[in-house]
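J.: quick one, fold the following:
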Amino acid sequence: MSIDSLHTDLPDWLSLRFDGQGGVEDPPDPADVPDAGFDWMHLRRDAGETATRLAALGLDEVVVHALTAQDTRPRCTVHGDGVLLLLRGVNLNPGADPEDMVSVRLWLEERRVVGVWLRPLYAVGDVLAAARRGQGPQSPGDFAARLALRLADRADPAVAAINEAVDDLETDLEAMSGTQMRRRLLDLRRQAIILRRYMLPQRDALSTFEIEDLAWLRARDRTRLREAAERVARLGEDLDALRDRAQVVQDHLMDQRAEAMNRQMLLLSVVAAVFLPLGLLSGMLGMNVGGLPGADLASAFWIVTAGMVAIGGGLWLLFRWLGFRA
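T.: A predicted model of the protein is given here:
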């Protein structure tokens, strides 16, 4: 399989050798430990022979279980002379949601990197394409750092897209309907929460890897890992800011709803206040007792009706003068 197709398709098994000078080639024998550089072996997590192949590579049961687990969160764990590094990358495959993040599981040793994941990642293709140009990683630590940087670079457009969508919501706050606005806002907040859920642990995992006391981790590797951790931290801060901005929009929507409800309640209160004395008057005139004024007067109904209209109109004008407007 060509390196160019690795971002769209992944084989069940793939092995490459990085020469330590930035280049990459097919290893003559994956079982031989290279004198310089390191070997990179990829296994597809859902392949039937993955667990057997991992065991054949000499990895113990704890590492094999971590590399093939159904669900993972970003973390870094030193195990013997190696490091178990679990990362996450945005899913940029056609038809997929970016927040449906792809798990990247790496086992790193001085002369070997073992990677396990299920779906293709553009970041991996970026790293291998650079190696084909002679600008690839020179050590396992450099490989992890470059991959983490490319994962952050690929995540940046997804975060920027959410940011632009929130900008649009703030711009169209008055034009869009409340239901449409709340539905769109809920979707954006969900995306930001999912991305943030993995970005902050990923920052911690890279920071942990940087400070681990590993003889084969070079100073240049630590610098790149620090840069990757800072870039992931910046994405996490952007997502925090997006969450706060989304909360401001949500508060504005709630204020709009509360204001609309207050106007409706005010209208009902004014109507009730106008008709309360009219109802009292009509109730008194409707009592079936003797002595009611106008009982024998033919025009009494129209006089009472005109009086009630005048009272209602006067009350309405009074409320408007007091500033109670619906």
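J.: quick one: the strands in this structure?
T.: Under the criterion DSSP state E, strands of the chain are mapped to 13-18, 24-25, 38-44, 75-79, 82-89, 102-108, 112-117.
J.: among those strands, which comes closest to Gly312?
T.: The closest approach between Gly312 and any of the strands of the chain, judged by CB to CB, belongs to strand 82-89 at 67.3 Å. (Glycine included, C-beta is placed from N, CA and C.)
J.: list the buried ones in stretch 65-77?
T.: The neighbour-count criterion (16 or more other CB atoms under 10 Å) identifies 66-68, 72, 74-77 as the buried residues of stretch 65-77.
J.: got it, and stretch 91-111?
T.: 91-93, 98-99, 101-109, 111.
J.: run the chain-centre distance for the helix or strand of the chain with the lowest mean pLDDT.
T.: For the chain, scoring each helix and strand by mean pLDDT, DSSP states H and E identifies helix 300-321 as the least confident one, at a mean of 79. A distance of 59 Å separates the C-alpha centroid of helix 300-321 from that of its chain, computed with CA atoms, centre = their mean, to the nearest Å.
J.: next one: stretch 147-166
T.: Between the mean C-alpha position of stretch 147-166 and that of its chain there is a distance of 11 Å (CA atoms, centre = their mean).
J.: and it, average pLDDT?
T.: Here the mean pLDDT over stretch 147-166 is 89, rounded to a whole number.
J.: for that stretch, give me every contacting residue.
T.: By CB atoms under 8 Å, 6 or more residues apart in numbering, the list of residues contacting stretch 147-166 from outside reads 87-90, 92, 98-99, 104, 106, 121-124, 126-127, 184, 188, 191-192, 195, 199, 202, 206, 224-225, 227-229, 231-232, 235, 238-239, 242, 245-246, 249.
J.: likewise for stretch 219-227?
T.: For stretch 219-227, contacts defined as CB under 8 Å, 6+ apart pick out 139, 141-142, 144-146, 148-149, 206-207, 209-211.
J.: buried ones among those?
T.: In those, burial by neighbour count holds for 139, 141-142, 144-146, 148-149, 206-207, 209-210, counting by 16+ other CB under 10 Å.
J.: how about stretch 21-29: buried residues?
T.: Residues of stretch 21-29 classed as buried under the neighbour-count rule (16+ other CB under 10 Å) are 22-24, 27.
J.: in helices only, show me these.
T.: Mapping these onto helices (DSSP state H) picks out no residues; all lie outside.
J.: list just the nearest of the residues you listed to Arg218.
T.: Checking those against Arg218 with CB to CB, the nearest one is Gly22 at 14.5 Å.
J.: any idea of the pLDDT on that closest one?
T.: Model confidence at Gly22, expressed as pLDDT, equals 84.
J.: distance of it from Leu267?
T.: With distances defined as CB to CB, to the nearest Å, the gap from Gly22 to Leu267 amounts to 74 Å.
J.: can you give me the helices in the stretch 51-200 of the chain?
T.: Taking DSSP state H, counting those that start in this stretch as the criterion, the stretch 51-200 of the chain contains helices spanning 61-68, 122-132, 140-171, 178-211.
J.: tell me how this structure divides into domains.
T.: Residue ranges for each domain of the chain read 3-255, 261-286+297-321, as given by automatic domain parsing.
J.: report the buried residues of stretch 118-131.
T.: For stretch 118-131, the buried set under the neighbour-count rule, 16+ other CB under 10 Å, comprises 119-131.
J.: before we move on, what about stretch 166-185?
T.: Residues of stretch 166-185 classed as buried: 166, 169, 176, 181-182, 184-185 (neighbour count, 16+ other CB under 10 Å).
J.: and stretch 41-56, end to end?
T.: The first and last residues of stretch 41-56 sit 12 Å apart, counting by CA to CA, to the nearest Å.
J.: distance of Thr52 relative to Asp71?
T.: When CB to CB is the yardstick, Thr52 and Asp71 sit 22 Å from each other.
J.: please apply the same query to Ile311.
T.: Look at Ile311 and Asp71: by CB to CB, they are 72 Å apart.
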